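Undergrad: 3D, please:
(2 chains)
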Amino acid sequence: MSPLRKWCARRSVPLLLLAVCLGLMAFLSVRTQSFFSLKNVVNILEANSYRLILACGMMCVIASGAIDLSAGSILSFSAIGAAMAMRAGAPVWLAILLALALGTAMGAVNGLIIHLTRINALIITLGTSFLYRGMSLIATRGIPITKLPQGFRDFGFGDVFGMESGVTMSFLVVLVLIPFFYHMRWGAYVTALGGNPEALKRSGVSTGRYRISVFALMGALAALAGIIITARLNSAEANAGLDMEMDAICAVIMGGTALRGGSGSLLGTVIAVFLLGLIRNGLTILSVSSYYQQFITGALLLCAVAAAELRERGRRTG
Amino acid sequence: MGETILSVKGIAKRFGHIQALRDATLEVARGSITALVGDNGSGKSTLIQILSGNLLPDRGEIQVGEACCHGLTIRRAMALGIRTVYQDLALDDCKTSVENIFLGSELTRGPFLDRRAMAREARRLLEEIHVEIPDLTEPVGRLSGGQRQGLAIARALRRPGELLLLDEPTAAMGIQESHSTLRLLAGLRDRGMTLLIISHNLHQVFALADYIYVLRAGRVLTGTATGDTTVDALQEQILRREREEDRL
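TA: Sure, this is the predicted structure:
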């Protein structure tokens, strides 16, 4: 097989998603006048920046053979932590650091429990998602925390290259993650956790350290997404990020990362996040009821999973 | 028997109600191939797991070279120069041959993986032990049993040390692949390595080993130089012991 064909074969899912994206963009450009404008493109990027951040963390978790259903709850609680700190008079930078620390700690707790108990990540993070969401409700009594300092709001709305700072941050997350995930030991061990954790352990590597670190990263990125959402909305609330982990999981799987772990596709995840964003945006512009959005997302996910499974079976049978 | 590289004294291990090993004692001479034979459940794999640091014994002593200890962790075993090829091979099917060979001991340039150097080293290592894998960038899940075995041995050889433990190295292999693996193991002994092999196949063991220990019900029954016994004699010895134990 030629190097080009091999390159294409290994990236068949991202390339397919890209083709679907381009096709959809072409269709929407023809059907509507407002789609193909800089304003709309920026709008799509801004509306999906925090989704991309969350999906990047989820991609690492899924590549490690686990899943995190508590990401949305971590997002909510860490943002509430930051908002409460600011209301108590803490400077913006300290509140942001506090939120990131809270998110990292909650993620690390997930990883620690999973490593120590060896119980399936789905069960553990389902439990902690209720736990963390409960903590948010207890802390706020269900009342949103509003009127946040202007400095914090600028963090969400701040203009970088004509776009909200959230977009820049999401691309920064992707850029930082590329070397860590693909070119450093951390990524090699995280994917080995999904491929064969016993092989990793027998190679003398501490599996616990990498299990905990991947969940801590997920927590930190959920906190960052929480900060961006809270700054944009000028409100921290207990129900923020509800079901957002499902969107992230959907994008990761559509992007070609196998649910059983062992490998991950950052490029596929990025494209899938924007494809889903494009669908949401396109349906809104076409004035299609939002009820259809979930239906189409579900159908696309099923098609992506079926295509990936067929491809894998084809490889196995030669 | 020449200079002893590994000495196991009175090792015992219990799993719940099952006494997997009881006072297992054996010695392995430097530069030899020593075989552990026995029926299923005789404690062979438990002993290998203890020697490779995957299990801690309840009792007993392990001496590797000059170092003496009660039990080993995986890292300690590696530090003492014990390398293990597990029965399940412990390969990550999603990773490539190069990535598997270097898993846990990657070559780096600064903080980054040095893939070129690793590919070069992997190719050299596989050539040295005559294992043919045409495409080192393919996931190992697509390789044949013999290639996977060769890869697991190559990975073990990558790490420093001169004692290689192999748990059923030819299990689930065809005749051709078994022969090439046996040739590979004999070649390693010729290069001065010490091998401790677990096997069910007495004929293969006789063709390869210098010394043979028989395990039964967690005990080391006999230890004989291969030249001093025959397959039939050893089988007869095992069967006689079985009959004696049945009578008891």
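Undergrad: and the helix or strand residue A:306 falls within, what does it pack onto?
TA: Using DSSP states H and E, residue A:306 sits within helix A:291-316. Contacts defined by 3 or more Cβ pairs under 8 Å, 6 or more residues apart in numbering or on different chains; DSSP states H and E place helix A:291-316 against helix A:12-31, helix A:244-254, helix A:266-285. All C-beta spots, glycine's among them, are computed from the backbone N, C-alpha and C.
Undergrad: now that helix, how far from the chain's geometric center?
TA: Centroid displacement of helix A:291-316 relative to its chain, using Cα atoms, centre = their mean, to the nearest Å, is 19 Å.
Undergrad: Check stretch A:142-150 too.
TA: Distance, centroid of stretch A:142-150 to centroid of chain: 24 Å (Cα atoms, centre = their mean).
Undergrad: What lies in contact with that stretch?
TA: A:80, A:83-84, A:86-87, A:92, A:230-231, A:234-238 (Cβ atoms under 8 Å, 6 or more residues apart in numbering or on different chains).
Undergrad: if we go to 7 Å?
TA: With contacts defined as Cβ atoms under 7 Å, 6 or more residues apart in numbering or on different chains, stretch A:142-150 is touched by A:80, A:83-84, A:86-87, A:92, A:234-238.
Undergrad: so which of the residues you listed is the most crowded?
TA: Within the contacts of stretch A:142-150, residue A:236 tops the neighbour count with 31 neighbours, counted by other Cβ atoms under 10 Å in any protein chain shown.
Undergrad: For it, which residues are in contact?
TA: Here residue A:236 is in contact with A:79-80, A:83, A:144-145, A:230 (criterion: Cβ under 7 Å, 6+ apart).
Undergrad: Skipping its backbone neighbours, what lies nearest the closest residue to chain B within the stretch 101-250 of chain A in space?
TA: Closest residue of the stretch 101-250 of chain A to chain B, Cβ to the nearest Cβ: residue A:203 (2.8 Å). In space, and not counting its chain neighbours, residue A:203 is closest to residue B:104: 2.8 Å by Cβ to Cβ, 6 or more residues apart in numbering or on different chains.
Undergrad: Can you get me a residue count around that neighbour?
TA: Neighbours of residue B:104 under the rule other Cβ under 10 Å: 21.
Undergrad: Quick one: the helices in chain B, in order.
TA: Ranges of helices in chain B, per DSSP state H, are B:44-51, B:74-79, B:97-101, B:115-128, B:145-158, B:175-190, B:202-208, B:231-247.
Undergrad: List the residues that contact residue B:208.
TA: Residue B:208 makes contacts with B:33, B:182, B:185-186, as judged by Cβ under 7 Å, 6+ apart.
Undergrad: now residue B:223
TA: B:26, B:211, B:213.
Undergrad: shouldn't the first one be in contact with residue B:8?
TA: In other words, residue B:26. Yes - look at residue B:26 against residue B:8 with Cβ atoms under 7 Å: they come within range, at 5.2 Å.
Undergrad: neighbour-wise, which of the two wins?
TA: Legend: neighbour count by other Cβ under 10 Å for residue B:26 and residue B:8, higher for residue B:8 (23 against 18).
Undergrad: Give the bridge partners for that one, please.
TA: With DSSP bridges as the criterion, residue B:8 is bridged to residue B:26, residue B:62.
Undergrad: contacts for the helix or strand where residue A:131 lies?
TA: Of the helices and strands defined by DSSP H and E, residue A:131 is found in helix A:121-140. Applying Cβ under 7 Å, 6+ apart, the contact partners of helix A:121-140 are A:66-70, A:72-74, A:76-77, A:80, A:84, A:106, A:110, A:113-114, A:237-238.
Undergrad: what about the chain, any weak spots by pLDDT?
TA: Just so you know, I chose chain A. Regions of chain A meeting the criterion pLDDT under 70 cover residues A:1, A:157, A:160, A:312, A:314-318.
Undergrad: was after chain B, sorry
TA: By pLDDT under 70, the low-scoring segments of chain B are B:1, B:172, B:237-248.
Undergrad: Among the contacts of residue B:208, which one lies nearest to chain A?
TA: Once Cβ to the nearest Cβ is applied, the member of these that ends up nearest chain A is residue B:185, at 20.0 Å.
Undergrad: The closest one reaches residue B:196, doesn't it?
TA: No - contact criterion Cβ under 7 Å: residue B:185 and residue B:196 do not qualify, at 11.1 Å.
Undergrad: which of the two has more neighbours?
TA: A direct count of neighbours by other Cβ under 10 Å for residue B:185 and residue B:196 places residue B:196 higher, at 27 against 24.
Undergrad: and the residue in the stretch 1-150 of chain A that chain B sits nearest to, how many neighbours does it have?
TA: Residue of the stretch 1-150 of chain A nearest chain B, by Cβ to the nearest Cβ: residue A:6 (7.8 Å). By other Cβ under 10 Å, the residues close to residue A:6 number 13.
Undergrad: picking that back up, same list (the helices of chain B) but as TSV, adding distance to residue A:179.
TA: Formatted as TSV, the helices of chain B follow (distance: least, Cβ to Cβ, whole Å):
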stretch	distance to residue A:179
helix B:44-51	37
helix B:74-79	27
helix B:97-101	17
helix B:115-128	13
helix B:145-158	25
helix B:175-190	37
helix B:202-208	46
helix B:231-247	57
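Undergrad: so which of the ones you listed is the most packed in?
TA: The highest mean neighbour count among the helices of chain B, using mean count of other Cβ atoms under 10 Å in any protein chain shown, belongs to helix B:97-101: a mean of 26.
Undergrad: Can you work out which other helices and strands pack against that helix?
TA: If contacts are counted by 3 or more Cβ pairs under 7 Å, 6 or more residues apart in numbering or on different chains; DSSP states H and E, helix B:97-101 sits against helix B:115-128, helix B:145-158.
Undergrad: Contact distance from chain A - what residues of chain B qualify?
TA: B:74-75, B:78, B:86, B:90-95, B:99, B:103-104, B:106, B:111-113 (Cβ under 7 Å from any Cβ of the partner chain).
Undergrad: among those, which ones are buried?
TA: Using 16 or more other Cβ atoms under 10 Å in any protein chain shown as the burial test, those include B:74, B:78, B:86, B:90-95, B:99, B:103-104, B:106, B:113 as buried.
Undergrad: Show only the entries of those found in strands.
TA: Those of these mapping onto strands are residue B:113, per DSSP state E.
Undergrad: ok, back up a step: mind putting the contacts of stretch A:142-150 in TSV, secondary structure and distance to residue A:270 included?
TA: Formatted as TSV, these follow (DSSP: H, G, I helix; E, B strand; the rest coil; distance: Cβ to Cβ, whole Å):
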residue	secondary structure	distance to residue A:270
A:80	helix	28
A:83	helix	29
A:84	helix	33
A:86	helix	31
A:87	helix	35
A:92	helix	29
A:234	coil	28
A:235	strand	28
A:236	strand	27
A:237	coil	28
A:238	coil	30
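Undergrad: Which two of these have the greatest separation?
TA: Using Cβ to Cβ, the contacts of stretch A:142-150 span at most 21.6 Å, a distance reached by A:92 and A:238.
Undergrad: How much space separates the closest residue to residue A:184 other than its chain neighbours from residue A:220?
TA: Sequence neighbours aside, residue B:111 is the residue nearest to residue A:184 in space, at 5.7 Å (criterion: Cβ to Cβ, 6+ apart). Look at residue B:111 and residue A:220: by Cβ to Cβ, to the nearest Å, they are 19 Å apart.
Undergrad: And residue B:71, by the same measure?
TA: Taken as Cβ to Cβ, the span from residue B:71 to residue A:220 is 38 Å.
Undergrad: With neighbour numbers in mind, choose between those two.
TA: Higher neighbour count among residue B:71 and residue A:220: residue A:220, with 25 against 19, using other Cβ under 10 Å.
Undergrad: Roughly how far does the more buried one sit from residue A:75?
TA: Residue A:220 sits 11 Å away from residue A:75, going by Cβ to Cβ.
Undergrad: Count the neighbours of the closest residue to residue A:238 other than its chain neighbours for me.
TA: Spatially, and ignoring its direct neighbours in sequence, residue A:238 is nearest to residue A:136 (3.9 Å; Cβ to Cβ, 6+ apart). A count of neighbours around residue A:136, defined by other Cβ under 10 Å, yields 24.
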